[in-house]
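1. Kindly return the folded structure for what I paste below:
(2 chains)
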Amino acid sequence: MRLLIALCLGLFLIGSPQLVWADDLSDLEDLLEDDAGEAEEEGSDVEEDELAAEPVEEEIIPTGTHVDPVLRGTKDQSIYLIQRRAFSKKSAFELTPLGVFSLNNKFVGHYGLGFSATYHLRENLAIDLTTTIPFLFGAYYSGLVYDVYEYESLTPEVVDLKQMNYFGAMSVQFSALYGKMVFYDWVMDYDVYLAAGFGLTSTLETCVPNQDGCGEDVGIGRGLRSPEGGSDRFKIAGHLGGGMRVFFSDFLGYKVEVRDVAYPDLATEAGWTYTDIQNRLMLLIGVSFLL
Amino acid sequence: MRITLVLLWTLMAGSAFAAGPEYSNDPFGDSDFAGAPAIEDSSYPTLGRGDLSLLFATSMIDKYTKHLGGVLDFTYHFSETMAAALSVGMLNGQLTNIVTDPAGVIGNKISKCEGSCDINPDLPDYLQITGVIDAIFEWSPFYGKINMVSELDASMQIYYLAGLGVNGTRYIEASNPVSAADYTLSQQGFGAGGFLDGMKVNGLAGAGIRFFFGDRFALRAEVRDLVFFDKFDFDKDGTEDSYASHHWFGQFGLSFLLF
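-> Prediction:
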């Protein structure tokens, strides 16, 4: 008896999801049959002159589809779920010239130009190479640094005054969310993606102006140079971020991305070594071309 | 044991034929869904509706003060893409480490001080914001849907805002220096310094996003740049010069659509 109950229970567990699906499908089939039946009945009764008249609008509420109460009462005002992407990116290369700006400019801000090349392995998975363009990417000190130097004769710790003058990274992008957006009557596809990867970053350190290869005073009593010997010039950086990719057509769109470039940094002054984990929050904006 | 085996066998055997239905863009072969526009209309049209939002506010890219607080915002959508709002907020400021550290601005002054001296910071952008009231114009040209878990779509609205209003300010004074790490700060705490005391006229600009969850609720997140004019003697000639003091805020919270 117990064996029989167990067998029945197992079969029920297997069958129950199918019953639910069957219910859903039968609802849809009923709906379609009703529509077809109604159309046939109407067709048999109406006269030819009535065919020319405007069709009577009926409320249609497909199963599982949201219909706003405001829109009820008019035909086909139901809100379709997102059906499909208008433009496919699978197996396509995407090239994007970028404008790059830092967002958390507490002591140091960054801006310049960059470039990214992305290969879309799948519709929602891509490999991305992003790099700033040397000599077209630079840094500046924020107003706070000048203010405390000018009015309080202070400077932040030397490690906080180091500037990032290059970053490049290889990342994996995963796009779990996609959608469509309308700008007045203009419909656009977009993806929201997460990106993570590793890269290389180079920095400049502060120094005594016009000595030992140091540059001129940048306004805070210090100049800038590449760290001596290059040992501290390049660092491995972790990249973590997310962005949105919007496409207007099958070859043109734009990309907006925010990424945190995190790397360990150090600087020495008067025999003291200062260390910090730098987090540079970067905004990347560019026009994308799908090849 | 036999019962367990039978149960396992039936469950495992089930997987061989219990695959779910495959997704099809055109399940009934009538092209009814094929190519159907994704955005047929707004799921949650805001025209003629009013929403009340309670937002948590935090300052970003802090110089000498970090602010935390709350904002109550009523928005009336007078067209499909435009709205007017009234925003009232209250904030509490706290000095950042660069001011309060022993090696910071105040500590440094105390360390250098011999006898009686002014240990208060003499810096632009030093005032803290207390209360905020703003009239806001909102433009929301983007309406979209995002596919979250296969069949669930969330509607969202991206908006830009600009506003004009007033805000209160307070100046934190340092006194009773004992050491670089030991001194007293005035007007600490939420509500200290009044709501609109030290009033300044401000302008603000920003952008945000609303995610609609049902007819009545939306999640809202936005960034605002609040600017007011202040004075500071930049060239140390004894006369104060006007300058625009920028304060960035991130705000997020829940909106309730009242009507």
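2. beta partners for residue A:197?
-> Per DSSP bridges, the residues bridged to residue A:197 are residue A:171, residue A:239.
3. Residue B:142 - how many residues pack around it?
-> By other Cβ atoms under 10 Å in any protein chain shown, the residues close to residue B:142 number 20. To be clear about C-beta, it is placed using only N, CA and C from the backbone, and glycine gets the same treatment.
4. who's in contact with it?
-> Residue B:142 makes contact with A:181, A:182, A:183, B:157, B:158, B:159, according to Cβ atoms under 8 Å, 6 or more residues apart in numbering or on different chains.
5. hmm, try it at 7 Å
-> Contacts for residue B:142 (Cβ atoms under 7 Å, 6 or more residues apart in numbering or on different chains) come out as A:181, A:183, B:157, B:158.
6. Tell me the spacing between it and residue A:186.
-> Counting by Cβ to Cβ, to the nearest Å, the gap from residue B:142 to residue A:186 is 10 Å.
7. circling back: kindly supply the ChimeraX command isolating those of the contacts of residue B:142 that are buried.
-> The ChimeraX command for the buried members of those (criterion: 16 or more other Cβ atoms under 10 Å in any protein chain shown) is given here:
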select /A:181 /B:157,158
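8. Could you point out which residue ranges in the stretch 51-200 of chain B have low pLDDT?
-> B:147-153 (pLDDT under 70).
9. need the helices for it, in chain order.
-> Assigned by DSSP state H, counting those that start in this stretch, the stretch 51-200 of chain B shows helices spanning B:97-100, B:105-112.
10. Quick one: closest of these to residue B:75.
-> With Cβ to Cβ as the criterion, residue B:75 lies closest to helix B:97-100 of these, at 35.9 Å.
11. Using PDB, write out the CA atom coordinates for the closest one.
-> Provided in PDB are the C-alpha atoms of helix B:97-100 (Å, rounded to 0.1, in the frame of the first residue of the first chain):
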ATOM      1  CA  ASN B  97      38.100  63.600   7.900                       C
ATOM      2  CA  ILE B  98      40.100  66.200   6.000                       C
ATOM      3  CA  VAL B  99      38.700  68.800   8.400                       C
ATOM      4  CA  THR B 100      38.500  66.800  11.600                       C
END
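12. which secondary structure elements does that helix contact?
-> Judged by 3 or more Cβ pairs under 7 Å, 6 or more residues apart in numbering or on different chains; DSSP states H and E, helix B:97-100 is in contact with helix B:105-112.
13. quick one: the helix it packs on near chain A?
-> Yes. Helix B:105-112 is in contact with chain A by Cβ under 7 Å from any Cβ of the partner chain, via B:105, B:108.
14. other SSEs contacting that helix?
-> helix A:143-152, helix B:97-100, strand B:174-179.
15. List the buried residues of that helix.
-> B:105, B:106, B:107, B:108, B:109, B:110.
16. Likewise for stretch A:192-200?
-> Applying a neighbour-count criterion of 16+ other Cβ under 10 Å, the buried positions in stretch A:192-200 are A:193, A:195, A:197, A:199.
17. measure the second one to chain B for me?
-> Think residue A:195. Relative to chain B, residue A:195 is positioned 18 Å away (Cβ to the nearest Cβ, to the nearest Å).
18. Alright, I will stop here.
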